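Novice: When you get a sec, could you give me coordinates for this:
(chains A and B)
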Amino acid sequence: MIGLNTLKKGDRAIIKDILIDQVPLALLEMGCLPGNELLILGLASKKGPIYIKVDQSHISIDIITASKVLVELK
Amino acid sequence: MVKTITVALIGNPNTGKSSVFNSLTGLKQKVANYPGVTVEKKTGSFNINRTTNVQLIDLPGSYGLNTKSLDQSIVFDLLLNKNNKDFPDLVVIISDVENLKRNLLLFTQIKDLEIPSILAINMSDQLKLKGIEIDIKKLEQKLDTKIVLISAKKNEGFEELKNAITTYRNLSNKPIFNIREIDPEYFTNLNQTFPEQSLYKLWLLINQDINFSKIQRNTIETSGNFKTQTESYLKKLQQKETIKRYQWINNLLKENYSRDIAKGHGIRNKLDRILLHKFWGYATFYLILLLIFQIIFDWSSIPMDFIDSTFVSISQSVKSGFPPGVFTNLLSEGVLPGIAGVLIFIPQIALLFFFISILEQTGYMSRVVFLMDKTLKRFGLSGKSVIPLASGVACAIPAVMSTRSIENWKERLITILVIPFMTCSARLPVYLILISLVIPNDKIFGIGYQSLTLLGLYILGFLMAILSSSILQLFIKSDNRSYLVLEMPDYKLPLIKNVLLNIWTKTKSFIVEAGKIIFAISILLWIFASTGPGDNFRNANQIVENQYSEINISEDDLELKVNAFRLENSYIGLLGKSIEPVISPLGYDWKIGIALITSFAAREVFVGTLSTIYSVGSENQDTIKTRMLEEVKPDGSPVFNFASGLSLMIFYAFAMQCMSTLAIVKKETNSWKWPIIQLIFMTILAYFAALITYQILI
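Specialist: Model prediction:
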């Protein structure tokens, strides 16, 4: 498992686990949940936010929060 | 008898909830704060028929009821506390056709609160385009609710929605999701302890930090071991709840919702490729920013000049047409300029919110945050701070108002506090006259020293804003780390009706709330400038006439001398004189002191006051400039030299010389605490910066 922050544009991955204490619940409510597939749509800049599509939601997430989402590359 | 139904409107952000609100209420809406907090409360009303009136409350956008935030606690108190005066008879949940699944999460939660609810699916005009098919009848059955398809854009479906609202008593208020599924043991236990209460409501209360009159949190905490579970355990349960609800929704939609994937990809991908590009994305953004502020500068000056000249001529005709006396003076010199001083901000506010509404509605604002977030986070600001900061270059008033879109309170507060450092357009007249007085009109490498100085002042303001926010982020406490979890909505065309209504409500709230403070202070300033203690003020005419009795002096010149003498001996004049010992180390005399005090009304008043004190008849720049050049100290050296001129510019760069900004900060932060801190901090900073500048240069 790797952090979502380490992925590159165009990568697809499956969410395996979320460090629930360290992310806002809104992230889960928007569909970012274990078992769902996500696609990296873009990165703002080095250490900038990451832009993903997960379960029909398009979300941008700051890099620290992204590192709390653990994924497996597809 | 007119019956009033209280309806709460709730939904995910970007579902067009505001458009629905606008379509229902039109101009009958008002924006205020919830008592004691700075969360915006938008309410409106409309009549369905002669006997039914609807009180509509637009709740803050939300993805679900588990999120903890200030906004959310408002939603909570309103939906859970039956004693809340706004407790709704009915909740209308707004969804859009495309993100129905995500919106149903919130819907199922609201449904479980056992309040009658209607699901309004907005953007129904997009159904065909996106290849979406929904089996409404089946969904209604399964969700045990009334579903209405609407389109705020095409103004369709609202009659049906209104009909559904009138019959709200027939709607089911049964919960649809069995919360026990999450953790049977925990919830059975909870149920045994509080057999009377709804399990889901109890569960929400346990997870929130607010007290309710009916069910006290304390009772929950002290009885049973519910709160003794670690927060982490509770969060795990919340995650499980979200997953379970989504499973339930997925099963439901599998049969009743379909989407043709081949259709309707929209322009998201194409536009994002350019607008979020590492180079072109930023280039486009800066270009848009530049364009917006160029337009605000250029276009607002026309109506502003019109307001200014209209009020000047009204004042003059009042003065000449009414019988002379205190009342006429109050009207022509106090009240009318006071009103003008409020109205003058409207063109800039309207224009800025015109552009901001468009940026928000098109979905571009989220892209701006995505691009700027990292850079601005470092200074304790939000990605959304960039628009308010840049607007500060035109005027701090609309800029402070535009911080509303920043969700994180700490980031919003810091943005509000540092905006006045940005070089606003009211500083320009002060800078221009001082620069032309003390900076040589020479060039270096083809660039004039004067324009370099002006550029330097703009950069200085910006740097001070950034520096102060870095410092402020260390001192302002915040409960949580600042997250960025932001939906990137599809690009849409803005609805002009929404844009206009947004301008209208912003302008109205400015006039009503900040306007009265600005008006009151300008009247006070006028009173202190036009009254004074002692014989000098009372007998100004005679004293000046005696002084000039030997010399041949025209009637007009004499009047100017009298005015100058009056101001000098008014309360403000005396105050200006009394602060001379404090400001003389900065290189200023008492005359500048008076101008410093009067320019608290607005910075540009500095020039006007000096022209009165120096008895210059016009506000013509050249005339005043010539007169200022001639002004000498008792030892014969000029008052406005390089050192004192620069010291003054530095003072104006940093000082909070603007009562209107203080008034709007009071309004936006909902307390006098922050504007007072801002005033003290900026004045002290300005004083010492000007002191150092003068002492080094002299």
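Novice: got the residues of chain A near chain B?
Specialist: A:18, A:20-21, A:23-31, A:33-35, A:41-42, A:44-45, A:47-49, A:51, A:55-65 (Cβ under 8 Å from any Cβ of the partner chain). The way it works is simple: take the backbone N, C-alpha and C, and place the C-beta from them, glycine included.
Novice: where in the chain is pLDDT low?
Specialist: With no chain named, the answer covers chain A. The model of chain A has no residue with pLDDT under 70.
Novice: The intended chain is chain B.
Specialist: Residues of chain B that meet the cut-off, pLDDT under 70, sit at B:36-38, B:70, B:209-229, B:263-266, B:479-481, B:615-621.
Novice: so what are the domain limits for it?
Specialist: B:3-170, B:179-259, B:280-496, B:499-697 (automatic domain parsing).
Novice: Does the shortest one reach chain A?
Specialist: Yes. Using Cβ under 8 Å from any Cβ, a contact is recorded between domain B:179-259 and chain A, made by B:231, B:232, B:235, B:236, B:238, B:239, B:242, B:243, B:246.
Novice: Just the buried residues of the residues of chain A next to chain B.
Specialist: Among the residues of chain A next to chain B, the ones that count as buried by 16 or more other Cβ atoms under 10 Å in any protein chain shown are A:18, A:20, A:23-31, A:33-34, A:41-42, A:44, A:48-49, A:51, A:55, A:57-65.
Novice: Which of these fall within helices?
Specialist: Cross-referencing these against helices under DSSP state H gives A:25, A:26, A:27, A:28, A:29, A:63, A:64, A:65.
Novice: Farthest pair within those residues?
Specialist: A:29 and A:63 (20.7 Å; Cβ to Cβ).
Novice: and the longest helix along chain B, how far from the chain's centre?
Specialist: Determined from DSSP H, the single longest helix within chain B is helix B:280-321. Its chain's average C-alpha position is 19 Å from that of helix B:280-321, according to Cα atoms, centre = their mean, to the nearest Å.
Novice: Likewise for stretch B:390-409?
Specialist: That offset, for stretch B:390-409, works out to 5 Å (Cα atoms, centre = their mean).
Novice: quick check, it touching chain A?
Specialist: No. Stretch B:390-409 is not in contact with chain A by Cβ under 8 Å from any Cβ; minimum separation 10.1 Å.
Novice: Could I get the buried residue list for that stretch?
Specialist: Using 16+ other Cβ under 10 Å as the burial criterion, the residues of stretch B:390-409 that qualify are B:390-409.
Novice: Where does the stretch 301-450 of chain B get nearest to chain A, which residue?
Specialist: Closest to chain A within the stretch 301-450 of chain B is residue B:374: 3.9 Å, counting by Cβ to the nearest Cβ.
Novice: ok so, going back, any chance of CSV for the domains of chain B, columns distance to residue A:71?
Specialist: Formatted as CSV, those follow (distance: least, Cβ to Cβ, whole Å):
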stretch, distance to residue A:71
domain B:3-170, 20
domain B:179-259, 16
domain B:280-496, 16
domain B:499-697, 39
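Novice: who wins for proximity to residue A:14 among those?
Specialist: domain B:179-259 (14.5 Å).
Novice: Among the buried residues of stretch B:390-409, which lie within helices?
Specialist: B:390, B:391, B:396, B:397, B:398, B:399, B:400, B:401, B:409.
Novice: Now distance to residue B:324 too, for these, in TSV please.
Specialist: Converted to TSV, those look like this (distance: Cβ to Cβ, whole Å):
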residue	distance to residue B:324
B:390	47
B:391	43
B:396	38
B:397	35
B:398	39
B:399	41
B:400	40
B:401	40
B:409	53
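Novice: re the thing from before, ok, of the ones in helices among the buried ones among the residues of chain A next to chain B, which one's closest to residue B:205?
Specialist: Nearest member of these to residue B:205, counting by Cβ to Cβ, is residue A:25, at 16.0 Å.
Novice: Pretty sure that closest one sits against residue B:62.
Specialist: No. With contacts counted by Cβ atoms under 8 Å, residue A:25 stays clear of residue B:62, the gap being 10.9 Å.
Novice: quick revisit: let me have the residues of domain B:179-259 next to chain A in TSV, adding neighbour count and secondary structure as columns.
Specialist: As requested, these are arranged in TSV below (neighbours: other Cβ atoms under 10 Å in any protein chain shown; DSSP: H, G, I helix; E, B strand; the rest coil):
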residue	neighbour count	secondary structure
B:231	10	helix
B:232	10	helix
B:235	18	helix
B:236	16	helix
B:238	21	helix
B:239	19	helix
B:242	24	helix
B:243	16	helix
B:246	22	helix
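Novice: from the residues you listed, which is closest to residue B:285?
Specialist: Using Cβ to Cβ, the residues of domain B:179-259 next to chain A come closest to residue B:285 at residue B:242, 34.2 Å.
Novice: Against chain A, how distant is residue B:158?
Specialist: 27 Å (Cβ to the nearest Cβ, to the nearest Å).
Novice: contacting residues around that residue?
Specialist: Applying Cβ atoms under 8 Å, 6 or more residues apart in numbering or on different chains to residue B:158 gives the contacts B:23, B:24, B:150.
Novice: host element of the first one?
Specialist: I take that to be residue B:23. Residue B:23 belongs to helix B:17-25 when elements are defined using DSSP states H and E.
Novice: Kindly report the residues of the stretch 451-600 of chain B close to chain A.
Specialist: Contact residues (Cβ under 8 Å from any Cβ) of the stretch 451-600 of chain B with chain A: B:481, B:483, B:484, B:485, B:486, B:487, B:488, B:489, B:490.
Novice: What distance do you get for residue B:453 to chain A?
Specialist: Distance, residue B:453 to chain A, using Cβ to the nearest Cβ: 34 Å.
Novice: Was I right to think that residue contacts residue B:435?
Specialist: Yes. Contact criterion Cβ under 8 Å: residue B:453 and residue B:435 qualify, at 5.3 Å.
Novice: Determine the residues that are contacts of both of those two.
Specialist: Common contacts of residue B:453 and residue B:435, defined by Cβ under 8 Å, 6+ apart, comprise residue B:649.
Novice: Of the two, give the one with the bigger neighbour count.
Specialist: residue B:435 (21 against 17; other Cβ atoms under 10 Å in any protein chain shown).
Novice: What is the three-state secondary structure of the more buried one?
Specialist: Under DSSP: H, G, I helix; E, B strand; the rest coil, residue B:435 falls in the helix class.
Novice: what residues are up against it?
Specialist: Residue B:435 is in contact with B:450, B:453, B:454, B:645, B:649, counting by Cβ under 8 Å, 6+ apart.
Novice: In contact with residue B:374, which residues?
Specialist: Taking Cβ under 8 Å, 6+ apart, one finds A:44, A:45, A:47, A:48, A:49, A:62, A:63, B:383 in contact with residue B:374.
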